[in-house]
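[1] coords please:
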Amino acid sequence: MKPDYQNHASHCDLVVIEGAFSLQEAFSVQSLGSCVRKLFPSVKRFFEKRPYFGHIGNATNYVASKHDCTYLAGFLQLFAPGVAAQVIHLARISGAAAQWMMINSSFPDPGTLGIRTAELLSYGYPSKLGVHVDDGSTYTVLVSLSNPEDYQGGEFLVEFADYKPEKLTALVFRSRITNHAVKEVTSGKRQTMTAELWESIDVPTGFSIPRPTQADVEEYMKKFVDVKLQSKT
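    Reported below is the predicted structural model:
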């Protein structure tokens, strides 16, 4: 593990973990993504071709031609539970190494959090991701599934530095306060898995909103409890 302190003496903004996934874990994620795309090719809550220009709820500026997103939340926990557990573990050891919870008590132990979204992201030419924060989440774990020589450009940009990590390397950061982006991919294909942890439950499989808010989940849970109560009467 190599904490990157960048230009801040008081804390670590980004933790870089080499060999964060095994080859089998990476294969599991990619195979799961392939299955989801084959089963639900036109269902937006599972698979989305993000537009060349567009905005979503957290004000992300997506400039993403050939930027495909396969939503794995729920599926990951069901069919690759070891990978889901590893995501939590990576966030936990990163938080301990960077002392995020010690510096700011509003950042909880990742082991107490749920997975808000898990996404298999594929970038082709030309594509990039505008500067944004993962608003609504607490920790973000990004794992490279491509070798750096597989594509040109496509560096991950955070604050004042950029990274082109080796395959299986994780980049872990605090979601809602860390500005980040992806520089334009000029050739080849860049593939990553990103997971965001938040202070709520794991998003259920088949949830109708791929990147829900707390209110969305609360509304879902209310309906779920109502159904349970009705079934007992």
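
[2] quick check, residue 106 in a strand?
    No: per DSSP: H, G, I helix; E, B strand; the rest coil, residue 106 lies outside any strand segment and is coil.

[3] now it: phi and psi?
    Note on residue 106: its backbone torsions stand at phi -80, psi -10 [degrees, to the nearest 10].

[4] can you check the pLDDT for it?
    Looking at residue 106, its pLDDT reads 76.

[5] how many residues are close by it?
    9 (other CB atoms under 10 Å). Backbone N, C-alpha and C define where each C-beta goes, glycine included.

[6] residues contacting it?
    For residue 106, the contact set (CB atoms under 8 Å, 6 or more residues apart in numbering) is empty.

[7] and what of residue 80?
    25, 28-29, 32.

[8] let's see that with 10 Å instead.
    24-25, 27-29, 31-32, 72, 86-87, 118 (CB atoms under 10 Å, 6 or more residues apart in numbering).

[9] buried subset of those residues, written for ChimeraX?
    Of these, the buried ones go into a single ChimeraX selection, burial set by 16 or more other CB atoms under 10 Å:
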select :25,28,29,32,72,86,87,118
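
[10] mark which of the contacts of residue 80 are part of helices, please.
    24-25, 27-29, 31-32, 86-87 (DSSP state H).

[11] can you list the weak-confidence ranges in the protein?
    1-11, 51-66, 224-233 (pLDDT under 70).

[12] which parts of it are helices?
    23-39, 75-79, 81-98, 100-103, 214-232.

[13] so for stretch 199-207, what gets flagged as buried?
    So, applying 16+ other CB under 10 Å, buried residues of stretch 199-207: 200, 202-203, 207.

[14] can you redo the helices of the chain as CSV with distance to residue 50?
    Listed next are these as CSV, based on distance: least, CB to CB, whole Å:
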stretch, distance to residue 50
helix 23-39, 14
helix 75-79, 19
helix 81-98, 22
helix 100-103, 29
helix 214-232, 20
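
[15] no further queries at this time; thank you.
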